[in-house]
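1. fold the following, please.
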Amino acid sequence: MVHDFRTGYVQRVVDAQLDDLMPQLPALLLDGPKAVGKTRTAEQRARTVWSLHRPPVAQVVSADPRAAISAEPAVLFDEYHRVEHLWDEVKDFVDRDHSPGRILLTGSAPPRGVHSRAGRIASLRMRPLTLPERGACGATVSLAEMFRGGATVAGSCPLRLEDYTDLILDSGFPGLQHLSGTALTTQLNGYLDRIVDRDMPEAGLRVRRPATLRAWLRAYAAAVSTTTTWEKIRDAASPNQADKPAKTTTLPYIDTLTELRILDELPAWTPSRNHLNRLTQAPKHHLADPALAARLTGVTRASLLTGAGSTFTPHDGTYLGQLFESLATMSVRVFAAAARADVSHLRLDSGRREVDIIAERDEDRAAVAFEVKLAASVTDADVKHLVWLREELGDQLADAVVLTTGEHAYRRPDGVAVVPLGLLGP
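-> Below you'll find the predicted structure:
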């Protein structure tokens with residue numbers, strides 16, 4: 001059943017994490033891109049709400065932050081960065097009072113120059129809606145079970161390639177779930193315009209040439225799910241310019257967009273205890289939501305389904321394949337966070353071996369490896385890197401999975417799980 005986000009609160013994966021942490025920790029930050037649902041989720045637990053995007057409210061809190069912090073808990077400071085020094089005031093309060101469940105903060109970027117929140121303010125990352133959160137398909141395969149080994153792999157999902165394409169283009173932002181057609185396109189375009197025109201300057205970066213930033217974002221979007229170099233992205237953003245933008249121009253874009261959680265790069269895996277070597281350190285490029293990449297590149301449903309679209313790696317597949325991998329990566333990150341696991345990718349520097357996604361649990365370094373395939377069927381060739389990795393890691397690899405656009409979840413005779421993306425859950 002597709003969820004209607006206008007009629008009531010829809011439970012998110014991060015809710016279980018909040019329920020676990022709030023009774024134990026004094027302050028929590030819900031961190032993520034704008035419009036991801038941070039405020040709505042935090043409001044479910046707050047007795048006192050300070051909406052700091054409203055200037056009169058921000059003035060009251062700024063005049064006496066200690067009184068605002070001492071209101072009936074849990075106290076929510078929504079868009080906390082709009083009041084200067086509020087972060088430090090919260091930190092000082094937590095130093096004096098360790099009572100759990102006191103303060104919730106929401107924001108899209110930490111203010112520059114703040115003190116470390118280590119040991120004081122814990123952070124939870126929120127990302128756009130996964131497919132089960134949207135109600136697109138009921139999850140029947142648990143990532144948490146996979147970490148424990150012997151996970152049940154079963155279930156069926158009605159989604160097909162065309163449905164996954166629509167889900168990519170429709171975005172995972174809760175406030176856009178009821179929109180389609182021109183209304184949806186207009187809202188996504190407005191979201192991107194706001195990044196350039198308002199969010200970047202508010203984060204402290206003056207954009208002298210907005211056209212240069214927009215061109216760079218379009219080129220970055222074309223490189224989604226790849227490890228394309230900075231030089232190639234720069235060249236794609238300025239194909240007919242003799243004087244290419246310098247790193248001193250574009251690196252601040254990268255830093256600020258990352259702080260705003262618009263860029264969500266997937267780091268390269270650095271295994272803790274095995275003999276793998278010659279691993280690349282290049283991250284894979286991702287945006288907060290694959291729908292943003294689709295809007296930036298101007299692709300349509302028809303062009304994606306016919307194999308068209310911007311791509312840096314035409315020999316490796318289609319742009320729809322890149323977007324599908326980005327959707328899968330975002331989903332695994334959400335589910336892995338609930339299992340206290342980090343997510344990365346693996347690629348030998350020769351390019352001979354690649355694994356799209358590696359989730360590694362903090363407590364015991366157990367890993368689950370994922371390949372992402374834009375197809376309904378899986379062949380031996382599709383699992384060869386997973387089988388190789390299992391031979392390399394032994395018991396450290398708790399499970400190996402191919403995420404597909406197929407109908408049924410099952411295990412192959414070699415033990416590799418085949419799971420439609422819509423069936424994967426926390």
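
2. next, count neighbours for A302.
-> For A302, the tally of surrounding residues (other CB atoms under 10 Å) stands at 9. The way it works is simple: take the backbone N, C-alpha and C, and place the C-beta from them, glycine included.

3. wasn't it part of a strand?
-> No: read with DSSP: H, G, I helix; E, B strand; the rest coil, A302 is helix and lies in no strand.

4. my guess is A154 contacts T140, does it?
-> Yes: at 6.2 Å, A154 counts as touching T140 under the criterion of CB atoms under 8 Å.

5. common neighbours of the two, please.
-> A409 (CB atoms under 8 Å, 6 or more residues apart in numbering).

6. so for the two, which sits in the more crowded spot?
-> T140 (19 against 13).

7. let's see the pLDDT reported for the spatially closest residue to the more buried one that is not a sequence neighbour.
-> When the adjacent residues along the chain are set aside, T140 lies closest to G155, with 3.0 Å between them (CB to CB, 6 or more residues apart in numbering). pLDDT for G155: 98.

8. and if you look at G113?
-> 51.

9. next: L276.
-> 77.

10. any idea how far A400 is from it?
-> From L276 over to A400 the distance is 15 Å, taken as CB to CB, to the nearest Å.

11. next: R412.
-> Taking CB to CB, one finds R412 at 10 Å from A400.

12. show me what the strand or helix carrying L393 is packed against.
-> In this assignment (DSSP states H and E), L393 forms part of helix 384-393. On a contact count with 3 or more CB pairs under 8 Å, 6 or more residues apart in numbering; DSSP states H and E, helix 384-393 meets strand 354-361, strand 367-372, strand 397-404.

13. per-residue confidence at H345?
-> Reported pLDDT for H345: 97.

14. and it, that one's in a strand?
-> Yes: judged by three-state DSSP, H345 forms part of a strand.

15. ok, it touching A268?
-> Yes: taking CB under 8 Å as the definition, H345 is a contact partner of A268 at 6.3 Å.

16. what is in contact with those two at once?
-> P283.

17. pick out whichever of those two has more residues nearby.
-> It is H345, of H345 and A268, that has more neighbours when counted by other CB under 10 Å, with 23 against 18.

18. could you check how far the more buried one is from L276?
-> In terms of CB to CB, H345 sits 13 Å off from L276.

19. what residue ranges in the stretch 301-426 of the chain score low on pLDDT?
-> Counting by pLDDT under 70, the stretch 301-426 of the chain contains low-confidence ranges at 309-316.

20. just to revisit the earlier point, now do the helix holding L393: everything it contacts.
-> 271, 274-276, 346, 353-355, 367, 369, 371, 397, 400-402, 414-416.

21. mind redoing it with 7 Å?
-> By CB atoms under 7 Å, 6 or more residues apart in numbering, the residues outside helix 384-393 that reach it are N274, L276, R353, E354, V355, A367, A369, E371, L397, A400, D414, V416.

22. tell me which of those residues is nearest to S225?
-> In terms of CB to CB, no member of the contacts of helix 384-393 lies closer to S225 than E354, at 11.4 Å.

23. give me the number of residues near the spatially closest residue to that closest one that is not a sequence neighbour?
-> Leaving aside its chain neighbours, E354 sits nearest to R347 (4.7 Å; criterion: CB to CB, 6+ apart). Per other CB under 10 Å, the neighbour tally for R347 reads 21.

24. then the one 5 residues further on?
-> Here the count is done by other CB under 10 Å, and R352 has 10 residues near it.

25. and what of L179?
-> 16.

26. ok, F77 next?
-> Neighbour tally, F77, other CB under 10 Å: 32.

27. same question for the one 10 residues further on.
-> Summarising burial for W87: neighbours were counted as other CB under 10 Å, giving 23.

28. got the phi and psi for it?
-> phi -60, psi -50 (degrees, to the nearest 10).
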